[in-house]
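Visitor: Sequence first, predicted model second:
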Amino acid sequence: MDTTAGLRKSDMNPNPFVQFDLWFKDAEKAHPNNPNAMTVVTAGKDAVPYARTILLKGFDEQGFVFFTNYESPKAQQLEDNPRATLLFYWSNLDRQVNIMGMVEKVSEEESDAYYHSRPRLSRIGAWASKQSQEIPNREWLDNRVDELNALYQDKDPPRPPHWGGYRVKPYRIEFWQQRPSRLHDRFKYSQLPDTTWQIVRLSP
Ligand SMILES: Cc1cc2nc3c(=O)[nH]c(=O)nc-3n(C[C@H](O)[C@H](O)[C@H](O)COP(=O)(O)O)c2cc1C
Ligand SMILES: Cc1ncc(COP(=O)(O)O)c(C=O)c1O
């Protein structure tokens with residue numbers, strides 16, 4: 001994948017989801033390890049921007065979906081302020097994508113479907129972990145996993161009510177590609193009130 005040739009506005013698909021899909025497919029080839037890893041930034045009542053890595057689990061014209069614990073700090077921040085920024089950096093391609101959007105929970109059905117596609121131990125883990133809470137030691141966590149494994153011995157663990165997905169519905173997406181001498185190519189897509197997308201070039 002040669003990304004050194006530069007980007008013209010005419011290279012950019014008018015639909016940012018199609019453009020993201022093209023770049024994501026390139027990233028899957030160039031980054032065998034977690035091409036879907038993204039930095040997710042949220043800010044709640046204290047206005048502090050909190051960042052963490054999350055795996056993108058799906059995207060379409062409705063938005064970008066990830067799964068997590070609904071009682072985690074990020075979930076509380078999203079409750080207080082349902083906005084997020086998603087940031088991808090694909091170093092082997094010298095590309096960055098920055099997505100800003102409004103956030104909502106995915107449907108129960110969508111969370112169930114994804115939860116049940118996960119390996120059994122990951123499903124147990126979603127029950128075992130009180131995400132981001134302080135715990136006494138590793139043994140405490142391992143014991144919880146043992147207890148939950150015994151509880152669901154011959155059963156399929158159901159999805160915990162505190163675990164599910166969020167969808168980031170973008171209103172702004174920026175595609176960035178590196179060029180020599182820091183004179184990068186950048187295109188910003190902004191959603192207009194009639195839901196069409198305006199594309200402008202930004203200075204590096
Ligand atoms: C590569 C990678 C992928 C991760 N993917 C997820 C994920 O999909 N969902 C999740 O809840 N946490 C994921 N984490 C853990 C988060 O970074 C974070 O520690 C956790 O969600 C707690 O965040 P919070 O305290 O801000 O709510 C991942 C971490 C790494 C390094
Ligand atoms: C706590 C947590 N939840 C979810 C995920 C991602 O989902 P999955 O385990 O279904 O790949 C990760 C990935 O690292 C994670 O650390």
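Guide: Yep, it's here. Ligands and ions are numbered 1, 2, ... in the order given.
Visitor: helix or strand for Tyr166, which one?
Guide: Tyr166 belongs to strand 163-177 when elements are defined using DSSP states H and E.
Visitor: buried ones in that strand?
Guide: Under the neighbour-count criterion of 16 or more other CB atoms under 10 Å, strand 163-177 has 163-171, 173-177 buried. Quick note: C-beta positions are derived from backbone N, CA and C, even for glycine.
Visitor: just stretch 117-125 next, same as before
Guide: Neighbour-count burial for stretch 117-125, with 16+ other CB under 10 Å as criterion, is recorded at Arg118, Arg123, Ile124, Gly125.
Visitor: Report the mean per-residue pLDDT for that stretch.
Guide: Averaging pLDDT along stretch 117-125 gives 97.
Visitor: Also stretch 149-167?
Guide: 96.
Visitor: before we move on, what about stretch 35-43?
Guide: With pLDDT averaged residue by residue, stretch 35-43 scores 99.
Visitor: I'd like to know which elements the strand holding Tyr166 is packed against.
Guide: Packed against strand 163-177 by the contact rule (3 or more CB pairs under 8 Å, 6 or more residues apart in numbering; DSSP states H and E) you find helix 16-30, strand 63-69, strand 83-90, strand 95-105, helix 108-117, strand 185-191.
Visitor: Name every strand pairing with the fourth one and say which way it goes.
Guide: In the sheet containing strand 95-105, its partner strands are strand 83-90 (antiparallel), strand 163-177 (antiparallel), by DSSP bridges.
Visitor: rewinding a little: got the buried residues of strand 163-177 as JSON lines, with distance to ligand 2 columns?
Guide: Putting the buried residues of strand 163-177 into JSON lines (distance: CB to the nearest ligand atom, whole Å) gives the following:
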{"residue": "Trp163", "distance to ligand 2": "9"}
{"residue": "Gly164", "distance to ligand 2": "11"}
{"residue": "Gly165", "distance to ligand 2": "10"}
{"residue": "Tyr166", "distance to ligand 2": "12"}
{"residue": "Arg167", "distance to ligand 2": "15"}
{"residue": "Val168", "distance to ligand 2": "16"}
{"residue": "Lys169", "distance to ligand 2": "21"}
{"residue": "Pro170", "distance to ligand 2": "21"}
{"residue": "Tyr171", "distance to ligand 2": "25"}
{"residue": "Ile173", "distance to ligand 2": "23"}
{"residue": "Glu174", "distance to ligand 2": "25"}
{"residue": "Phe175", "distance to ligand 2": "25"}
{"residue": "Trp176", "distance to ligand 2": "25"}
{"residue": "Gln177", "distance to ligand 2": "27"}
